[in-house]
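J.: Fold the following and give me the result.
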Amino acid sequence: MPVNATAPPKIVVDRVAKHFPGDAADAPVLADLSMTIAENEFLVLLGRSGCGKTTLLNTIAGLERASSGTVHVDGAPVDRPGQGKGMVFQQGALFPWLTAAGNVAFAARKRLPDARARRARARELLELVGLGGAEDKYPSELSGGMQQRVAIARALALDPEILLMDEPFGALDELTRIEMQQELTRVWQARRKTVVFVTHSIWEGLMLADRIMVMAARPGRIVLERQIAIDRPRRRTDPELIACYEDIWRSLQ
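T.: Modelled structure (predicted):
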């Protein structure tokens, strides 16, 4: 489904700067950074460690306050977490004393006051992420990839309009990571959300994104923007993707 270029943007980042205590005056983490993100777009923020990707994501999430500039979602200023935003971190941070279903149901408690409705939603979402039959397993009984699937299901239980993902597959082995990229693509196509996904893997970005914004430090800034208008599922042998990989690689040097 193509992004509607004529619709108002879902997210507007307007001249955002971020300084942390102790930063040199000439080296902010982010400086005068602006971008717009369309509704249902899958945007990837890509760059080396330390370029400000996570700081920008946390500012969009409302977990960090910009030193200057603004972030708006649907025209409203972002001043706190929530507000229709769900977050998935590199480590799933599941509650170890709750089952997979319990973790997902816990996230749905405000949206669904009825316990039976929460359990049904948990089963539905675990099925969606490929974990049907694992509802009663505890996090310690699940592989890293399975835990991240639960974390995605838990974020979806909030029914967010925006899904913010901070290197969610960074701790996984390469094969599991590729499988999770494929799984996330399938879930996103089934349940359209606006996704902002942070990674330092060029191929991960190319496999997932509608659009890639390449960031460099310091200060954190956009140095390259690439639209990836290639049908999914994508092949790493696609000449267009390989050419895009080379462009992004050069921009990071």
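J.: Buried residues, the helix or strand containing C244. List them.
T.: Taking DSSP states H and E as the criterion, the element that holds C244 is helix 239-251. For helix 239-251, the neighbour count (16 or more other C-beta atoms under 10 Å) marks L241, C244, Y245, I248, S251 as buried. All C-beta atoms are positioned from the backbone trio N, CA, C, and that covers glycine.
J.: Give me the average confidence score over stretch 21-39.
T.: Predicted confidence along stretch 21-39 averages 83 (mean pLDDT).
J.: Next, the contact list for V187, please.
T.: L128, V129, I152, L156 (C-beta atoms under 8 Å, 6 or more residues apart in numbering).
J.: what pairs with L224 across the strands?
T.: V214 (DSSP bridges).
J.: From M35, how far off is it?
T.: 13 Å (C-beta to C-beta, to the nearest Å).
J.: joint contacts of the two?
T.: In contact with both L224 and M35: M213, using C-beta under 8 Å, 6+ apart.
J.: Those two: who's more crowded?
T.: M35 (20 against 17; other C-beta atoms under 10 Å).
J.: Give me the nearest residue to that one, chain neighbours excluded.
T.: V13 (4.8 Å; C-beta to C-beta, 6 or more residues apart in numbering).
J.: thinking again about what came up before, who wins for most neighbours among the contacts of V187?
T.: I152 (27 neighbours).
J.: and the residue lying closest to T55 once chain neighbours are set aside, how many neighbours?
T.: With sequence-adjacent residues excluded and distances taken as C-beta to C-beta, 6+ apart, T55 is closest to V29, at 5.0 Å. If you count neighbours by other C-beta under 10 Å, V29 ends up with 23.
J.: Check the one 5 residues further on too.
T.: Burial of S34 is recorded as 13 neighbouring residues (other C-beta under 10 Å).
J.: ok, it to L56 distance?
T.: Distance, S34 to L56, by C-beta to C-beta: 11 Å.
J.: shared neighbours, those two?
T.: With C-beta under 8 Å, 6+ apart as the test, S34 and L56 both reach V13, V16.
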